[in-house]
Every structure is written in C-alpha cells, then in structure tokens.
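Undergrad: one predicted model, sequence on top.
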Amino acid sequence: ACAFAGLWNCVTINPLNIAAGVWMMLNAFVLFLCEAPFCCQFIEFANAVSARADGLRPWQKAAFYCGMAVFPIMLSLTLTTLFGNAIAFATGVLYGLSALGKKGDAISYARIHQQQKQMDEEKLTGALEGQA
C-alpha cells in the first residue's frame, strides 16, 4: 500500500508530493527488507538487513517505523500519504505495544493489592501498639 500510494503521489507537479512519494516507496522497500526478506531474495544484502533489524528491541523498531511513516506526512499532508503510511505506522504501533509487554491479569493485581493492604494494616497496628 505504501509503495503504490507513493507511486501515485509521484504523478504530480508539486515537488513536495514527489519527495513524499519517493520517501513512501523507500519506506515500503525498507519494510520489505526488514519484515519480509523472502520477498527480496534477489537482493544480496537482504538477509543481513533482516538479521540486523531482528536484533533491534521492539521499542527501537517502533520508533523507527513510526518515524519513517510520519516524515512523508509532514512533507505533504494528503489523503494519499495518510492512507499510504497507515500500514507502516500501524506496524510501528504494534511493535510499541509489544515493547510494553503482556497485560497482567486482574487476579494477580488483586492479590498484590490485598497483600499490600495487609502489610499496611500490620504496620498501622504495630505503630498503635508501640504508642500504647
């Protein structure tokens, strides 16, 4: 979607639209290299780029993908750039969510809260007994 929207964005006279379209096609190529290297088997360095991208932490990938997607939108704010970069930005958001970790369940949080409450009550009763 990013590559097709970038190509469509290049069919204009406005230089900012052309720059945004070229950047979008570059984004699509980088996403293919990092996320789907089997699509780029004819490129010699595809596996090396993919291995390097796999070594990054999820928050680093999130910042990289979201930054790549926001730049063309800042160059030329059109529907084509918004829809074309939506998938790249969504990929970054998903990596950002995975960087946050798994959501805890309510039972374990309730158990921790109950233990904390018991400790606070024991401290309070110990302090009251010490004053008496």
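TA: Happy to help now that I have it.
Undergrad: please name the nearest non-neighbouring residue to residue 12.
TA: Leaving aside its chain neighbours, residue 12 sits nearest to residue 18 (6.5 Å; criterion: Cβ to Cβ, 6 or more residues apart in numbering). Glycine gets a C-beta too; all of them are placed from N, C-alpha and C.
Undergrad: tell me which element that neighbour is part of?
TA: Element membership of residue 18 [criterion: DSSP states H and E] is helix 15-35.
Undergrad: for that helix, buried residues please.
TA: By neighbour count with 16 or more other Cβ atoms under 10 Å, helix 15-35 contains the buried residues 17-28, 30-34.
Undergrad: show me the contact partners of stretch 50-63.
TA: For stretch 50-63, the surrounding residues in contact (Cβ atoms under 8 Å, 6 or more residues apart in numbering) are 33-35, 37, 64, 92-96, 98-99.
Undergrad: rebuild those residues as JSON lines, extending it with secondary structure and distance to residue 77.
TA: Below are these laid out as JSON lines (DSSP: H, G, I helix; E, B strand; the rest coil; distance: Cβ to Cβ, whole Å):
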{"residue": "33", "secondary structure": "helix", "distance to residue 77": "27"}
{"residue": "34", "secondary structure": "helix", "distance to residue 77": "26"}
{"residue": "35", "secondary structure": "helix", "distance to residue 77": "26"}
{"residue": "37", "secondary structure": "helix", "distance to residue 77": "32"}
{"residue": "64", "secondary structure": "helix", "distance to residue 77": "22"}
{"residue": "92", "secondary structure": "helix", "distance to residue 77": "19"}
{"residue": "93", "secondary structure": "helix", "distance to residue 77": "19"}
{"residue": "94", "secondary structure": "helix", "distance to residue 77": "24"}
{"residue": "95", "secondary structure": "helix", "distance to residue 77": "24"}
{"residue": "96", "secondary structure": "helix", "distance to residue 77": "23"}
{"residue": "98", "secondary structure": "helix", "distance to residue 77": "29"}
{"residue": "99", "secondary structure": "helix", "distance to residue 77": "28"}
